[in-house]
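Colleague: Coordinates only, no sequence provided:
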Ligand code: ADP
Ligand code: ADP
């Protein structure tokens, strides 16, 4: 599903070059639930932007579903993002004036999915995340955990090949965070591929496999339940 080979991304700050990613190689197979964990400044956001096709590497290979992304035009990349990747963010990124149902439908509006199908899929997704009784509420009328559930429903409804979550529990209290992580586990068990980015070891431990990043490099990899593959 995801293959990276020696991906380098650098930023120029005046005279200095900062290697946000200093040669990252990794793979994620279809159906895996992988956490990328690292401290602040380690390169997580940069890596997430590349995995999500929001930004391109300076060098190295990034291929998604077997095709190196440099083979796509900007337009094709936008299409790929909207069809293949379900984004979940720390801040939920719901539109405040729309109901939960309308928020979940929105990406499907951009995909030109017809109204009846859109509504059916949005309702199913909201039921699945336990928000069946809150579909007509706006984000301001939902708790943080409920807003994140709506965002998860929005990601699921488009049937993406990859779910990409950036600190999805970062704005939630720890109990609500654990509930959201249980939902990720359920979604994974149902066959979805998930990449979750976090600085929190407790969050990363809920994934099937952890990839540790520091100073733009992968410094370790561990399967859940403590089986170290590489250190
Ligand atoms: P993380 O998400 O783990 O905090 P980032 O990917 O945001 O890490 O940052 C990795 C490194 O790249 C840091 O040293 C950061 O300061 C630098 N960096 C990130 N984005 C930029 C940018 N737009 N301009 C300059 N430096 C950047
Ligand atoms: P943070 O968690 O760091 O506060 P977000 O996770 O909300 O920020 O956003 C991370 C990055 O993804 C930002 O650069 C933002 O511009 C971009 N982004 C936010 N929403 C979307 C979206 N719906 N689709 C694609 N990119 C987005």
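Modeller: Nice, thanks for sending it over. What you are looking at is a predicted structure, and each value in this text was computed from that prediction instead of being measured. Ligands and ions are numbered 1, 2, ... in the order given.

Colleague: contacts, neighbours, all on C-alpha from now
Modeller: Fine.

Colleague: Could you identify the longest helix within this structure?
Modeller: Identified as the longest helix of the chain according to DSSP state H is helix 174-189.

Colleague: list the helices and strands that one packs on?
Modeller: helix 144-157 (3 or more C-alpha pairs under 8 Å, 6 or more residues apart in numbering; DSSP states H and E).

Colleague: following the helix it packs on, which helix or strand comes up?
Modeller: Next helix or strand after helix 144-157 toward the C-terminus (DSSP states H and E): strand 162-166.

Colleague: Also compute the angle for that following strand relative to helix 174-189, please.
Modeller: 160 degrees (axes from the mean of the first three to the mean of the last three C-alpha atoms, to 10 degrees).

Colleague: Now do the longest helix of the chain against helix 144-157, angle only.
Modeller: Using the same axes, to 10 degrees: helix 174-189 against helix 144-157 is 10 degrees.

Colleague: Let me know the angle separating whichever helix or strand comes after helix 174-189 from strand 162-166.
Modeller: Counting by DSSP H and E, the next helix or strand C-terminal to helix 174-189 is strand 194-198. Computed by the same axes, to 10 degrees, the angle separating strand 194-198 from strand 162-166 equals 10 degrees.

Colleague: Mind telling me which residue is nearest the centre of the chain?
Modeller: Most central in the chain under C-alpha atoms, centre = their mean is residue 164, positioned 1.3 Å from the mean C-alpha point.

Colleague: Was I right to think it contacts residue 194?
Modeller: Yes. Residue 164 lies in contact with residue 194 (C-alpha atoms under 8 Å); the separation is 6.0 Å.

Colleague: tell me the contacts of the residue nearest to the centre of the chain?
Modeller: 48, 52, 85-88, 194-197 (C-alpha atoms under 8 Å, 6 or more residues apart in numbering).

Colleague: on that earlier part again, buried stuff in the longest helix of the chain?
Modeller: By neighbour count on 16 or more other C-alpha atoms under 10 Å, the buried set for helix 174-189 is 176-178, 180-181, 183-185, 187-188.

Colleague: Rebuild these as JSON lines, extending it with distance to ligand 2 and pLDDT.
Modeller: Listed next are the buried residues of helix 174-189 as JSON lines, based on distance: C-alpha to the nearest ligand atom, whole Å; pLDDT from 0 to 100:
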{"residue": "176", "distance to ligand 2": "17", "pLDDT": "97"}
{"residue": "177", "distance to ligand 2": "15", "pLDDT": "97"}
{"residue": "178", "distance to ligand 2": "18", "pLDDT": "96"}
{"residue": "180", "distance to ligand 2": "16", "pLDDT": "97"}
{"residue": "181", "distance to ligand 2": "17", "pLDDT": "97"}
{"residue": "183", "distance to ligand 2": "19", "pLDDT": "97"}
{"residue": "184", "distance to ligand 2": "17", "pLDDT": "97"}
{"residue": "185", "distance to ligand 2": "20", "pLDDT": "96"}
{"residue": "187", "distance to ligand 2": "20", "pLDDT": "96"}
{"residue": "188", "distance to ligand 2": "21", "pLDDT": "96"}
